[in-house]
Structures are given as structure tokens and as C-alpha cells.
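Trainee: Below are the sequence and a predicted model; questions follow.
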Amino acid sequence: MTDTKATGKAPESITVSRGDLPLSCPNSGTDPSSLHNVDTIVVLTGYASPNPAMPATDQLNPSSMYRLMHAIWMTAQSEGPRILVSGSGDSARVMREVTVLLGVPGERVLLDDGAGDT
């Protein structure tokens, strides 16, 4: 994960990697110093296409993946707040799975899969 703790500046892009799987997206401009008192980051799921034959990261649509990557980056910058994935059913469960696959410990990822429309 991109580390900006040393510089204190928001990077132009966010890179999240697990092993040889680097993923990158533009940063929305979040200042890492504003994250010190954050306890939980809420991520609204958007859309996922659950399919066990596909890698979990390919089951999320681009906007869902962007939201998730930004939340993972924010977690890495601020001493590990929890991530709450909120949405309906399969979409929320897929997003939680991807969050863990990309390196966030499972106990730090909360799931609200009973939400209707967000």
C-alpha cells in the first residue's frame, strides 16, 4: 500500500497490492493527517456480479472497486480503523471478501449485508 505517513501529503494515485497484484486509482485528495481520529470507514457497495468462476476482484464494478481501494488506503494511513462494508446481500459479501484479499485483516472488516438501497 502507498505510504504517505512520512510525507504527510496525499498522493496523486492510490496503489493497493497483494503479492503481485497491484491495483491503482486516482486519489480523491484525502489528506492523511485528517484521518488520525477515524474509527470506522463506511463503504457503500455499489454493484457486484458474484461468480465463483471469476476472481473476486473482477466481480466488483469499477466504482465499487474505487471506493474499496480508497477505504483500504485510508486504513493503511491512519493506524487501522475498521472498514464497514454496507450494501445488499451478495454485493456486500463480495466487497468484504475483496477487502480481506487485499490485505485488511478480516477482524477489521465489518459487514452490513442487510442494507436495501444506499
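Mentor: That came through, no problem. Residues are numbered from 1 along each chain as shown.
Trainee: For the spatially most central residue of the chain, give me its contacts.
Mentor: With distances taken as CA atoms, centre = their mean, the residue of the chain nearest its centroid is L68 (2.6 Å). Applying CB atoms under 8 Å, 6 or more residues apart in numbering, we find L68 in contact with 43, 60, 85, 95, 98-99, 102. (Each C-beta comes from the backbone N, C-alpha and C, glycine too.)
Trainee: Include neighbour count, distance to T30 and secondary structure when you put those into TSV, please.
Mentor: As requested, the contacts of L68 are arranged in TSV below (neighbours: other CB atoms under 10 Å; distance: CB to CB, whole Å; DSSP: H, G, I helix; E, B strand; the rest coil):
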residue	neighbour count	distance to T30	secondary structure
V43	24	14	strand
L60	23	20	strand
V85	28	18	strand
M95	30	19	helix
V98	26	20	helix
T99	25	17	helix
L102	19	18	coil
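Trainee: coming back round to it: need phi/psi at the residue nearest to the centre of the chain.
Mentor: phi -60, psi -50 (degrees, to the nearest 10).
Trainee: quick one: which of the contacts of L68 is nearest G114?
Mentor: Nearest to G114 among the contacts of L68: V85, at 11.8 Å, using CB to CB.
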